[in-house]
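K.L.:
with the sequence up front, the predicted model follows.
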Amino acid sequence: MADNTLDSLFSRLRRFPDVEAANLQAWDATDRLLLDTAAELRAGGQLAPDGRIAVVGDRYGALTLGVLALGWQDAGPVRVHEDLITGERALRHNAAATGLTDGFEQLPLPDAVDGAALVLLQLPRSLAELEEIADAVARHAAPGVVLLAGGRVKHMSLGMNAVLGRYFGEVQPQLARQKSRVLLARAAKPVDGPPPFPVSERNTGLDLTVCARGAVFAGTGLDIGTRFLLDFLPEIPSARHAVDLGCGTGILAALYARSHPKARVTATDRSAAAVESARATARANGLDGRIEVLQDDAMSTLPDASAELILLNPPFHLGAAVHAGAGIKLIEAAARVLAPGGELWTVFNSHLHYQPALERLVGRTREVGRNPKFTVTASVRKPLP
């Protein structure tokens, strides 16, 4: 019965509003394995049937809605933490489509795991993000909490076991199935001192303090694509309103705001961790009054033709898959938000060949610079039809 219930549920899930394509789906074998492992533990009496359940990293709602479809919400609503606003919105869309709109709450990380007896986790790629999650579970979950952390075997590492081992007395890898594996962690250790995140570090080369949560890309470091784009900062034009799209820790926004004191700067990202990091970076450098930080999906809440400049270092992954769709979505958004004559400055991995899309969607595009790995372009927004 459980197999049929989950098969029926998963077949109805969509990724929307995230990128959708024939080779991308809204659930994977890890979602199924996590739910099956939890079911086996419940049947064996290793989980309290009335314990609160928390879900962390549910990409499109498969775990949360799976728990609800199986009738496990014995202790009240399932508490859910998703870092990406696209994941939050996808869960709500899928809940409405499957008639499972009641029974879950979407919360920040510490609140989501507070008092939880069982935590289901889709393992993040970043060890720093995993550490922030493990620390929160050890601090805030119920005594005797069981953490089931699952991932695709090819993306798992012994470093994940080591991180979990710092916070739990037992970390037991389970048998792999369909190229996925679950790590079972329990016997949470007492945690002393402040949480490990956020962290801050002074980048002397940029003369900038960078702040980062565990889930933010590149941490307090400077990723090499952004580093290359910054080589051209003196050439980037002044604007009344500039947007750092996919802002991460807010380095581009901070440096542009500092070099263009009359500009209004918006830093936006779909990641809650990135938004918190960018806001902290702005504050640490005395720029919090100059930079508005916004969690959003591809600038969906910004008006059409409302910015004269957009800075973009698009991702080339969708989850674990290399896919240009995320970058195309952001380029389309930039075309909408740019005013006629406004400019989009983009840095991208040269092998992705974004230039034709930039020409088609935004307007005349010139190559500003290229190194062995990256290309920087400037695109001028064509007049509106």
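P.N.:
The structure has been received and is ready for your questions.
K.L.:
pull out the buried residues from stretch 13-23.
P.N.:
Neighbour-count burial for stretch 13-23 flags 13, 15, 17-19 (criterion: 16 or more other CB atoms under 10 Å). To be clear about C-beta, it is placed using only N, CA and C from the backbone, and glycine gets the same treatment.
K.L.:
wait, isn't Gln73 in contact with Ala54?
P.N.:
No. Using CB atoms under 8 Å, Gln73 makes no contact with Ala54, being 11.4 Å away.
K.L.:
and the buried residues of stretch 13-23, which of them are in strands?
P.N.:
Among those, no member falls in strands (criterion: DSSP state E).
K.L.:
from the residues you listed, which is closest to Leu68?
P.N.:
Nearest to Leu68, judged by CB to CB, of the buried residues of stretch 13-23 is Leu13 at 12.8 Å.
K.L.:
distance of Tyr354 from Lys262?
P.N.:
Using CB to CB, to the nearest Å, one gets 30 Å for the distance from Tyr354 to Lys262.
K.L.:
so for the two, which sits in the more crowded spot?
P.N.:
Tyr354 (24 against 9; other CB atoms under 10 Å).
K.L.:
what is the neighbour count of the closest residue to Ser271 other than its chain neighbours?
P.N.:
Using CB to CB, 6 or more residues apart in numbering and skipping residues adjacent in sequence, the residue nearest Ser271 is Asp83, 5.3 Å away. The local packing of Asp83 (other CB under 10 Å) involves 25 other residues.
K.L.:
where does His140 fall, phi/psi-wise?
P.N.:
Note on His140: its backbone torsions stand at phi -120, psi -20 [degrees, to the nearest 10].
K.L.:
correct me, but it touches Asp114?
P.N.:
Yes. The pair His140 and Asp114 qualifies as a contact (CB under 8 Å) at a distance of 4.6 Å.
K.L.:
roughly how far apart are the closest residue to Arg336 other than its chain neighbours and Val337?
P.N.:
Of all residues not flanking Arg336 in the chain, Asp304 sits nearest, at 5.6 Å (CB to CB, 6+ apart). Using CB to CB, one gets 7 Å for the distance from Asp304 to Val337.
K.L.:
which other residues reach the helix or strand Ala138 falls within?
P.N.:
Assigned by DSSP states H and E, Ala138 belongs to helix 127-140. Residues from elsewhere that reach helix 127-140 (CB atoms under 8 Å, 6 or more residues apart in numbering): 56-57, 83, 109-110, 113-116, 119, 121, 123-124, 145, 147, 149, 157, 159-160, 163-164, 166-168, 185, 188-191, 195-197, 212-215, 219, 273.
K.L.:
can you say which of those are buried?
P.N.:
The neighbour count (16+ other CB under 10 Å) marks 56-57, 83, 109, 113-116, 119, 121, 123-124, 145, 147, 149, 160, 163-164, 167-168, 185, 188, 191, 197, 212-215, 219, 273 as buried among the contacts of helix 127-140.
K.L.:
which of those residues fall in helices?
P.N.:
The helices, defined by DSSP state H, take in 109, 113, 160, 163-164, 167, 273 from these.
K.L.:
about what we covered before: and the residue nearest to Arg336, how many neighbours?
P.N.:
For Asp304, the count of nearby residues is 11 (other CB under 10 Å).
K.L.:
contacting residues around Glu308?
P.N.:
Contacts of Glu308 by CB under 8 Å, 6+ apart are 237, 239-242, 338-339, 341-343.
K.L.:
so how far is the strand ranked longest in the chain from its chain's centroid?
P.N.:
The residue-count maximum for a strand in the chain (DSSP E) belongs to strand 338-349. Here strand 338-349 is found 23 Å from its chain centre; the criterion is CA atoms, centre = their mean, to the nearest Å.
K.L.:
and if you look at stretch 340-353?
P.N.:
Here the centre of stretch 340-353 is set off from its chain's centre by 22 Å, with CA atoms, centre = their mean.
K.L.:
what of stretch 33-41?
P.N.:
Centroid separation for stretch 33-41 versus its chain: 25 Å, with CA atoms, centre = their mean.
K.L.:
renumber starting at 403 from here on
P.N.:
I'll keep to 403 as the first residue from here, and by that count the last item is stretch 435-443.
K.L.:
average model confidence for that stretch?
P.N.:
Computed over stretch 435-443, the mean pLDDT rounds to 96.
K.L.:
pLDDT weak spots in the chain?
P.N.:
In the predicted model of the chain, residues 403-404, 718-726, 787 satisfy pLDDT under 70.
K.L.:
pull the contacting residues for the spatially closest residue to Gln427 that is not a sequence neighbour.
P.N.:
Leaving aside its chain neighbours, Gln427 sits nearest to Arg417 (7.4 Å; criterion: CB to CB, 6+ apart). Counting by CB under 8 Å, 6+ apart, Arg417 makes contact with 426-428, 462, 492.
K.L.:
show me what counts as buried in the helix or strand Glu678 falls within.
P.N.:
Assessed by DSSP H and E, Glu678 sits inside helix 674-686. The neighbour-count check on helix 674-686 (16+ other CB under 10 Å) flags 674-686 as buried.
K.L.:
please apply the same query to stretch 446-458.
P.N.:
Neighbour-count burial for stretch 446-458 flags 449, 453-458 (criterion: 16+ other CB under 10 Å).
K.L.:
no further questions, thank you.
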